[in-house]
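S.K.: sequence-free structure coming up:
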Ligand SMILES: Nc1ncnc2c1ncn2[C@@H]1O[C@H](COP(=O)(O)OP(=O)(O)OP(=O)(O)O)[C@@H](O)[C@H]1O
């Protein structure tokens, strides 16, 4: 029998008076496309919460609803008790927001941008205060550089700094590291950890498995507008039970993938671009089966590895699909 991941959290997420962000049964459609289908989430004060899902899952839509940037047809969202639909100005004043594709004035100097954004929020930081903010985001030596000359990672750090110009306690980050090289990504991670240790409440969206695993206290796995699972990364992975993941390079036609899928010791299979991922209770039997199928096809599995499950496997187990490339 195939083990299955429990999905009980999906239906039993209930009201939580301690939540600083409360999202209740939110539905959002664009015409006939259901971008969010009854999403309920409760985010606690000081929590770093990750929304993990593939392209088009509904992550940006959900954040935009919380931010009051788009309206939704059904449901209710409150931030610190304020209703997003009824008190949007109050809610916006509480949130620090980093959008996915932020457009910056490239001719402004970094320090000027901080003062400009500060003025928009009515905080009017002095030059010294603006420099202090840049310093917190490791941009002190770039304070007089024009934004257009900053690297991708530096621009991302600047948009983070700009999101903090009015000192919000709640921060929403939409794919803060997408498109960055590993070094720049780790730099952002350090900053997010710092904000977290200062007690900020953070929601971030990502399709990087590792980002969700290392940064987030809890993760919500989202796909096709629905939250499929919710928990700490460890809880979600532990629900995989005794499954292991076998990976191998081997191109399989559809009927062979199906043969693999129906083996009693196989839980889930994905075969994107010749990279096989097999979740199994018995990795040795999977290896033997792959050798056998390979022989029939006149090829051999290459780059074989066996590892313990991670959040990518949780997604595969829930959806039967791989989370896909991150960019
Ligand atoms: N303004 C819009 N008009 C019509 N459809 C939209 C609009 N915005 C988003 N969608 C659709 O809603 C769905 C959810 O999109 P959304 O941007 O929330 O996904 P996402 O998880 O943030 O994806 P990505 O990781 O690519 O940013 C997608 O099918 C998308 O095409």
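M.R.: Noted; the coordinates are in hand. These numbers come from a predicted model, not from an experiment.

S.K.: This protein: helices as residue ranges?
M.R.: 8-12, 59-67, 88-94, 110-120, 127-136, 152-163, 182-197, 209-215, 233-238, 254-262, 283-297, 311-319 (DSSP state H).

S.K.: Out of the ones you listed, which gets nearest to the ligand?
M.R.: helix 59-67 (3.2 Å; CB to the nearest ligand atom). The way it works is simple: take the backbone N, C-alpha and C, and place the C-beta from them, glycine included.

S.K.: Determine whether any part of the closest one lies close to the ligand.
M.R.: Yes. For helix 59-67 and the ligand, the contact criterion (CB under 6 Å from any ligand atom) is met by 59, 60, 61.

S.K.: Please apply the same query to stretch 35-55.
M.R.: Yes. Using CB under 6 Å from any ligand atom, stretch 35-55 comes into contact with the ligand via 35, 53, 55.

S.K.: Report the residue ranges of every domain in this protein.
M.R.: In terms of domains, the chain is parsed into 8-237, 240-319 (source: automatic domain parsing).

S.K.: With mean neighbour count and mean pLDDT added, can I get the ones you listed in a markdown table?
M.R.: Below are those laid out as a markdown table (neighbours: other CB atoms under 10 Å; pLDDT from 0 to 100):
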| stretch | mean neighbour count | mean pLDDT |
| --- | --- | --- |
| domain 8-237 | 18 | 93 |
| domain 240-319 | 17 | 91 |
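
S.K.: picking up where we left off before, of the residues of stretch 35-55 next to the ligand, which is the nearest to residue 42?
M.R.: Nearest to residue 42, judged by CB to CB, of those is residue 53 at 18.3 Å.

S.K.: which residues sit in contact with that closest one?
M.R.: Each residue near residue 53 by CB atoms under 8 Å, 6 or more residues apart in numbering is listed here: 59, 205, 207, 221, 222, 223, 315, 323.

S.K.: Pick out the residue of the stretch 151-300 of the chain closest to the ligand.
M.R.: Nearest residue of the stretch 151-300 of the chain to the ligand (CB to the nearest ligand atom) works out as residue 207 at 5.7 Å.

S.K.: My guess is that residue contacts residue 175. True?
M.R.: Yes. Using CB atoms under 8 Å, residue 207 is in contact with residue 175, at 7.4 Å.

S.K.: What parts of the stretch 151-300 of the chain come near the ligand?
M.R.: The stretch 151-300 of the chain has residues residue 207 near the ligand, with proximity defined as CB under 6 Å from any ligand atom.

S.K.: hey, where'd the strands end up in the stretch 1-150 of the chain?
M.R.: 19-30, 33-44, 48-52, 74-79, 82-83, 95-98 (DSSP state E, counting those that start in this stretch).
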